[in-house]
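Visitor: predicted model follows, preceded by the sequence.
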Amino acid sequence: MNISRRILLKAMGFGTVALLTPKIISAATLQHVVVVGGGFAGATAAKYLKIWGGLAVEVTLIEANSTYTSPILSNLVLNGQKTTQNLEFNYVSHSTKYAINVVHTTVDSIDKSGQVLTLGDGSTLSYDRLILAPGIDFIDIPGLDSSKVPHAWKAGVQTNLLKTQIDELVDGDHFVMTVPASPYRCPPGPYERACVVADYLKNTKGFSNCSVTVLDANANITVETDMFQAQFDGYGINYRPNVVVQSVDSDARSITFTENGGALQTLSSQVLNVIPSHKAGKIIFDAGLNYGNWAPINPLSYESTLASNIHIIGDSQGTGQPKAGHQANSEAKVCADAILRSLQGLQLDPAPKTNSACYSPVSSTQASWLTAVYEYNEATKQMQMVTGGGYPAAALPTTGNYSAMFNWAGNLFADTFS
C-alpha cells in the first residue's frame, strides 16, 4: 500500500499507536462496514478494517459456517499428507482480538437503496459500506451429482469424498478429471491435482497400470505450461485440451464431451472428478451485481460499478486478476484501505498494487512456485500485470520449494485468520 498508515490514522483522529491508545469516539459517529463471506478475502478485509480503523469503524463479519476449510494445500489431502482438519480455521481472533461482530448466518437479500441486509433468521442489519466476498459458484452440468462425482473445489466434505474414492482405486483403474474454462479459482490447481494424484498412485500405492486423464476446457495448460506439460509427460498423464463437457452420468461415473469441436465421446472411469466452470457467488446474481458471470468493480476501491457503497472482492470480482487465496488477501487490503479513506473523505490511492503468489506441489516431495504483481493502469482503468524488474517470476519444482510452500501457506493463514 502506498498510503502512510500514520497519515491515515492521523486523519481519522488517531495517534501513531492507534490500536494501543485509540481515541474514544462517540457511537453515534461510528461507520458500520458489513463483510459477507469469511474466506481469504472477507476474513482479511474484516481484520484489516479494524487494525487500520480502530474504534472509528464498526465491523460485522457474516459467515454461515463457524469454520473455514482452506482450498490452499487441500490437494495434499488426496495423497495423505494433510487432513481437512489441518486446514480448518475459525473466527475467534476476529471476535476476541479485533472486536469484530461475527455472525454465523446467511444473507437472504440486499436492499441496495436502503442499505439494509435481511439475514437468514429474518432479522435485518443496516450498513454504511458492504463488502461481498462470496467466492465462487458453479455453472450447472446436466447429470452431475457432486455427492457422487465430487468437484472438491470447495474444500472440506468434497475433498474427503474424493480422497475416499481415490483410496478405493486398484491397479488398472482410471482416474479422470476436468479443468474448468478460464477464469476459475486457482489457475494451477487442477494441473497440480493431476500430478499429485498420479504421483500418489504410482509412487505411494505402487500401481503401474492406473491411468490419469485430464480433460481441459481450455486450449492449453493455462499457467506454468511447460513445467506442467513436462510433469504430465513424466507421469504418463493423458492431457486432452479443447474439451466441452456435455453431460455426466454420476452413477456410472462416465462423462460425455466433445473435443476440438468434434463428435460426442463418452469416457468411463472408476473415479471421476468433474470441476464445473465457475461464476460469481449466488448473492452477486441475486442482488443484480453481475455482468455476465462476474461482478464489475472499480479496481481503485473494489466498489461495484452497478451499486453504490457495495464492494466486491475475491473470486467473484470481474477484473483480470487471478482468482486465488493469496490474491484475495491482497485485494481485501486495498478494499479496506479504500473504504477507510472514503469514510474520512480522503482521496483514494491512485495506484494500488496487488500480488498473487502460489506454490504448486507436483509430488509428495517437490513443488513449483510463481508470483506476479498487478498495478492499476490509469489509461485502461484496469489492473494490469507488471512485467520486468523480476516480475512475473517462477521456479521449477524442487524439494526446497516444497518446504517453503508450508511457510508461505502458514504466513497467509496467519495473516488472514490469526
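Guide: Looks like it came in fine. A quick note: this is a predicted structure, and the numbers were derived from the prediction, not measured. Numbers count the residues shown, from 1 in each chain.
Visitor: CA atoms for contacts and neighbours, from now on please.
Guide: Fine.
Visitor: show me where the stretch 101-250 of the chain has helices.
Guide: Taking DSSP state H, counting those that start in this stretch as the criterion, the stretch 101-250 of the chain carries its helices at 157-167, 189-199, 225-235.
Visitor: buried stuff in the last one?
Guide: Which is helix 225-235. Neighbour-count burial for helix 225-235 flags F228, Q229, Q231, F232, Y235 (criterion: 16 or more other CA atoms under 10 Å).
Visitor: between the residues you listed, which is closest to K163?
Guide: Within the buried residues of helix 225-235, the smallest distance to K163 is 19.6 Å, found for Y235 (CA to CA).
Visitor: so what's that closest one up against?
Guide: Shown in contact with Y235 (CA atoms under 8 Å, 6 or more residues apart in numbering): C195, A198, D199.
Visitor: circling back: looking at the helices of the stretch 101-250 of the chain, spot the one closest to T319.
Guide: Closest among the helices of the stretch 101-250 of the chain, using CA to CA: helix 189-199, at 19.6 Å.
Visitor: the closest one packs against which elements?
Guide: Counting contacts by 3 or more CA pairs under 8 Å, 6 or more residues apart in numbering; DSSP states H and E, helix 189-199 packs against helix 75-78, strand 174-179, strand 211-216, helix 225-235, strand 353-361.
Visitor: run the chain-centre distance for that helix.
Guide: Relative to its parent chain, helix 189-199 has a centroid offset of 18 Å by CA atoms, centre = their mean, to the nearest Å.
Visitor: what's next to that helix, contact-wise?
Guide: 75-76, 78-79, 177-179, 212, 214, 221, 228, 231-232, 235, 237, 360-364.
Visitor: same question for stretch 274-294.
Guide: Residues contacting stretch 274-294 (CA under 8 Å, 6+ apart): 107, 109-110, 132, 134-141, 149-153, 177-185, 295-296, 304, 306-307, 315-318.
Visitor: and if you look at stretch 35-52?
Guide: 5, 9, 19, 57-64, 68, 94, 98-100, 107, 130-135, 313-314, 325-326, 328-333, 335-337, 340, 415-417.
Visitor: can you spell out which residues form a bridge with R129?
Guide: Note on R129: beta-bridge partners V33, judged by DSSP bridges.
Visitor: measure D349 to I339 for me?
Guide: Distance of D349 to I339, computed by CA to CA, to the nearest Å: 11 Å.
Visitor: what about these two, which has more around it?
Guide: With neighbours defined as other CA atoms under 10 Å, D349 and I339 compare such that I339 has more, 25 against 17.
Visitor: need the pLDDT of that one.
Guide: On the pLDDT scale, I339 is placed at 98.
Visitor: the strand or helix carrying it vs strand 353-361, what angle?
Guide: I339 belongs to helix 325-343 when elements are defined using DSSP states H and E. If you take axes from the mean of the first three to the mean of the last three CA atoms, to 10 degrees, helix 325-343 sits at 160 degrees to strand 353-361.
Visitor: surely I310 touches N298?
Guide: No - assessed by CA atoms under 8 Å, I310 is found out of contact with N298, at 10.8 Å.
Visitor: overlap in contacts, the two.
Guide: S304.
Visitor: who's more crowded, the two?
Guide: Using other CA under 10 Å as the criterion, I310 and N298 rank with I310 on top: 24 against 17.
Visitor: spit out the contact partners of that one.
Guide: For I310, the contact set (CA under 8 Å, 6+ apart) comprises R129, L130, I131, L132, E303, S304.
Visitor: for those residues, pick the one with the most neighbours.
Guide: Greatest neighbour count in the contacts of I310, by other CA under 10 Å, goes to I131: 28 neighbours.
Visitor: from H32, how far out is it?
Guide: I131 sits 11 Å away from H32, going by CA to CA.
Visitor: cool, and V248?
Guide: Following CA to CA, the distance that separates V248 from H32 is 46 Å.
Visitor: with S304 instead?
Guide: S304 sits 18 Å away from H32, going by CA to CA.
Visitor: domain assignment for the chain?
Guide: Following automatic domain parsing, one gets these domains for the chain: 5-64+105-137+279-350, 146-276.
Visitor: return the most buried member of those domains.
Guide: domain 5-64+105-137+279-350 (a mean of 20; mean count of other CA atoms under 10 Å).
Visitor: give me the pLDDT value at P352.
Guide: We have a pLDDT of 97 for P352.
Visitor: same deal with G288?
Guide: At G288, the predicted lDDT confidence score is 98.
Visitor: got phi/psi on it?
Guide: phi 70, psi 40 (degrees, to the nearest 10).
Visitor: from I100, how far out is it?
Guide: Taking CA to CA, one finds G288 at 28 Å from I100.
Visitor: P183 too?
Guide: Between P183 and I100 the computed distance is 32 Å (CA to CA).
Visitor: also I136?
Guide: Separation of I136 from I100 (CA to CA): 24 Å.
Visitor: all strands of the stretch 201-350 of the chain, in order?
Guide: Assigned strands in the stretch 201-350 of the chain, in chain order: 211-216, 238-240, 243-249, 254-259, 265-268, 271-273, 278-280, 297-298, 303-304, 310-312 (criterion: DSSP state E, counting those that start in this stretch).
Visitor: isn't N79 right up against K205?
Guide: No - under the criterion of CA under 8 Å, N79 makes no contact with K205, lying 9.7 Å away.
Visitor: helix or strand with the lowest mean pLDDT in this protein?
Guide: helix 5-11 (a mean of 36; mean pLDDT, DSSP states H and E).
Visitor: run through the stretch 51-200 of the chain and note the low-pLDDT ranges.
Guide: For the stretch 51-200 of the chain, applying pLDDT under 70 flags no range at all.
Visitor: got a list of contacts for stretch 409-418?
Guide: For stretch 409-418, the external contacting residues (CA under 8 Å, 6+ apart) are 40, 43-44, 47, 72-73, 89-91, 93-94, 326, 329.
Visitor: cool, stretch 148-165 as well?
Guide: Contacts of stretch 148-165 (CA under 8 Å, 6+ apart): 69-71, 74, 77-79, 84, 147, 250-251, 253, 271-276.
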